[in-house]
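Here's my sequence, what's the structure:
(one chain, ligands or ions: 1)
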Amino acid sequence: MNRKFETRAIHAGQEPDTATGATITPVYQTVTFTHDAVDQNKGFAYSRTGNPTRAALETCLASLEGGRFALAYASGMAAVAGTMQVLSAGDHVVVADDLYGGSYRLFTRVLPRYAIRFSFVDATRPEEVAKAMEPATKMVWIESPTNPLLRIVDVAACAQIARQHGALLVVDNTFATPYLQNPLALGAHVALHSTTKYIGGHSDVVGGALVVDDEELHQRLKFAQNATGGVPGPWDAWLTLRGVKTLAVRMRQHERGASRVAERLRGRPEVASVAWPGFADHPGHDVARRQMRGFGGIVTLDLVGGAPAARAFCEALELFSLGESLGGVESLVGYPWLMSHAAFPPEEKRRKGISEATVRLSVGLEDADDLCADLEQALAAARAAV
Ligand SMILES: *Cc1c(COP(=O)(O)O)cnc(C)c1O
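Model prediction:
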C-alpha cells in the first residue's frame, strides 16, 4: 500500500506484537532466542545478528528512505565505518571535502592505515568529482546540506558520475533527514544517518543507520556488521523508534523556526553573513529546491568582530545550549572552529569557509519569538565584546 510518510513513520515495522498484542513494539531485552529445534528458530538467534526491536526500527527507516533494506548501528560513526567495510586495501574513495569532522578523522587517520585512499574535492562542483575518479575508485562520499556551512551538493549529478565508473554513491543524509530528502530516489546507493540527530530527535540516544535498495549490497553490509559487531542495543533502538514517529511534525516545525531565526539574523549589523538553504540567494537554493522538500532546521552565521564576538554570542545565549550535536527538540549552538570541526587543521577550515567567527545554530521546537529574543540579547553581548 502506498502510504504517506507520516503514516509509515508510525506504522512501518510496528504492527502489534504477534506474541502479546502489545501495540507498541516491545524492548526485546534478550541476548538469545530459544530454538524450536537445533536447526530451527523463529527468525532470531542472537542479538548481535538480529533483534526484533532493532528489526522494527530498520523496517521503519527503510520505508522512510524508500529503500528495501536498512541496518541500524550503535552510532552514526559505526554506520560510516560500516560502509567502509565493503572496501578493500587499494580501493579509492572520492569524498566531498565539506564533511562531518568524525568522518574526516576516520578517512584521514584510521583507514589510510588499511591502504584505502581518499581524495577530497569540492563536490558542490560535480565536475571536480568527475575529475577525481580513478580506475580504483569504488565509492563517492557526499553530504548535503553540508555541516556546518549548509552547502548543497547535487546528489543526482554525483550519482551519475559514480554509476558511470561503477562506484557506489554514499550520501550522509543526517542534516536533511528522510522527510526532506531521499538520496536513493536521486540515484544514490546508500543513505546514511546519524540517528542521534533529527531521527532520534530528543538528544537522548546515539545511533546510526544505513538504507539501501540493492539486495547484494545489503548482504555485504550485513555480513560485515555481524562480523564486526557495531549494533545498537534494544533500548537504543526503541528510543530511536519512538523518536522517528514524530519526525515529520518536528521537521516542519524546525524549518519554520529556522526560517524565522535566519530572517531575524540577516542584515543585522552584528552579523556578517547568514547561511540557510531556504534563502533564494543561497548559492545552492535551486538545487536544494530540486532535490529537497524543505530547507531544514540548521542556520549558520558569521559574526562581525571575529572570535571575541562569536564566543560572547555563544556564551550569552540562554535557550540555545552551547553543545555538540544538533537536531533535538531543544535549540543548540555550536562553535565549529573549536567544537564539531576541531579535527580539521586550521588552514583546511579556512579554505572551506569556516572561521573563528562562524556559529552554527540548531533551531529547536521552542517558541520562535522566545528564540529570537534570546538571539537579540546574545547579539548585544557580541556587540559589547568587540
Ligand atoms: C553526528 C554526525 C555523524 C556521526 O554520528 P554519531 O551518531 O555522532 O556517531 C555523522 N554525520 C553527520 C552529518 C553528523 O552530524
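
From now on I want contacts and neighbour counts done on CA atoms only, so please keep to that.
Noted.

Next, count neighbours for the residue in the chain that the ligand sits nearest to.
Nearest residue of the chain to the ligand (CA to the nearest ligand atom) works out as Gly76 at 3.3 Å. Neighbourhood size, Gly76 [other CA atoms under 10 Å]: 25.

you'd agree it is up against Tyr198?
No: using CA atoms under 8 Å, Gly76 is not in contact with Tyr198; the gap is 12.0 Å.

nearest spatial neighbour of Pro112, skipping sequence neighbours?
Once flanking residues are discounted, Pro112 sits nearest to Phe118: 7.9 Å by CA to CA, 6 or more residues apart in numbering.

so the one you found is in which element?
Using DSSP states H and E, Phe118 sits within strand 117-121.

What pairs with that strand, parallel or antiparallel?
Partner strands and pairing direction for strand 117-121 (DSSP bridges) are strand 92-96 (parallel).

mind checking the end-to-end distance for stretch 107-117?
End-to-end distance for stretch 107-117: 8 Å, by CA to CA, to the nearest Å.

Any part of that stretch near the ligand?
No: with CA under 6 Å from any ligand atom as the criterion, the ligand is not reached by stretch 107-117; the gap is at least 12.4 Å.

Quick check: buried residues in that stretch?
Under the neighbour-count criterion of 16 or more other CA atoms under 10 Å, stretch 107-117 has 107-108, 111, 116-117 buried.

which residues are contacting that stretch?
For stretch 107-117, contacts defined as CA atoms under 8 Å, 6 or more residues apart in numbering pick out 87-93, 118.

which among those residues are in contact with the ligand?
Of the contacts of stretch 107-117, not one also sits near the ligand (CA under 6 Å from any ligand atom).

Emit the PyMOL select command for whichever of those residues are buried.
Buried members of the contacts of stretch 107-117, defined by 16+ other CA under 10 Å, are picked up in PyMOL with:
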select buried, resi 91+92+93+118
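
Show me which of the contacts of stretch 107-117 is closest to His285.
Of all the contacts of stretch 107-117, Val93 has the smallest distance to His285: 27.2 Å, by CA to CA.

re the thing from before, widest-spaced pair of the buried residues of stretch 107-117?
Pairwise over the buried residues of stretch 107-117, using CA to CA, the maximum falls at Thr108 and Ile116, 9.7 Å.

Let me have the buried residues of stretch 107-117 in CSV, extended by pLDDT.
Output for those, formatted as CSV (pLDDT from 0 to 100):
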residue, pLDDT
Phe107, 98
Thr108, 96
Leu111, 98
Ile116, 98
Arg117, 98
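
With distance to Ala272 added, can I get the residues you listed in TSV?
Below are the buried residues of stretch 107-117 laid out as TSV (distance: CA to CA, whole Å):
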residue	distance to Ala272
Phe107	32
Thr108	32
Leu111	38
Ile116	40
Arg117	37
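
all helices for the chain, in order.
5-11, 52-65, 76-84, 101-105, 126-132, 155-164, 177-180, 215-228, 234-244, 247-265, 285-291, 306-316, 346-352, 368-384 (DSSP state H).

for Asp236, what are its contacts?
Contacts of Asp236 by CA under 8 Å, 6+ apart are 205-207.

That one and Cys158, how far apart?
Asp236 is 33 Å from Cys158, where distance means CA to CA.

Same check on Pro234?
35 Å.

which of those two has more neighbours?
The neighbour count for Pro234 versus Cys158, taken as other CA under 10 Å, is higher for Cys158 (27 against 22).

And the pLDDT for the more buried one?
For Cys158, the model assigns a pLDDT of 98.

residue contacts, it?
Applying CA under 8 Å, 6+ apart, the residues near Cys158 are 126, 129, 140, 169.

same question, Gly230
By CA under 8 Å, 6+ apart, the contact set of Gly230 is 73-75, 78.

okay if I get these as a markdown table plus neighbour count and pLDDT?
Shown next, in a markdown table, are the contacts of Gly230 (neighbours: other CA atoms under 10 Å; pLDDT from 0 to 100):
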| residue | neighbour count | pLDDT |
| --- | --- | --- |
| Tyr73 | 30 | 98 |
| Ala74 | 22 | 98 |
| Ser75 | 21 | 98 |
| Ala78 | 22 | 98 |
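
Could you tell me which of the residues you listed belong to strands?
Per DSSP state E, strands hold the following members of the contacts of Gly230: Tyr73.

closest to Gly306 among the contacts of Gly230?
Of all the contacts of Gly230, Gly306 sits closest to Ser75, with 33.7 Å by CA to CA.

from memory that closest one sits against Ser194, does it?
Yes: with contact defined as CA under 8 Å, Ser75 reaches Ser194; the gap is 6.5 Å.

list the buried ones in stretch 319-338?
Under the neighbour-count criterion of 16+ other CA under 10 Å, stretch 319-338 has 319-322, 325-337 buried.

Residue numbers of the protein in contact with the ligand?
Counting by CA under 6 Å from any ligand atom, the residues of the chain close to the ligand are 75-77, 100, 172, 174, 194, 196, 206-208.

ok, so of these, who is nearest Glu263?
Using CA to CA, Thr174 comes nearest to Glu263 of these, at 23.7 Å.

residues touching that closest one, list them.
By CA under 8 Å, 6+ apart, Thr174 lies in contact with 192-195, 197-198.

and what of Val93?
Contact analysis of Val93 by CA under 8 Å, 6+ apart lists 116-119, 137-141.

quick one on the thing from earlier: with neighbour count as extra columns, can I get the contacts of Thr174 in TSV?
Shown next, in TSV, are these (neighbours: other CA atoms under 10 Å):
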residue	neighbour count
Leu192	28
His193	30
Ser194	27
Thr195	31
Lys197	25
Tyr198	29
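
Next, format those as JSON lines and append pLDDT.
As requested, the contacts of Thr174 are exported to JSON lines (pLDDT from 0 to 100):
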{"residue": "Leu192", "pLDDT": "98"}
{"residue": "His193", "pLDDT": "98"}
{"residue": "Ser194", "pLDDT": "98"}
{"residue": "Thr195", "pLDDT": "98"}
{"residue": "Lys197", "pLDDT": "98"}
{"residue": "Tyr198", "pLDDT": "98"}
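
No more questions from me, cheers.
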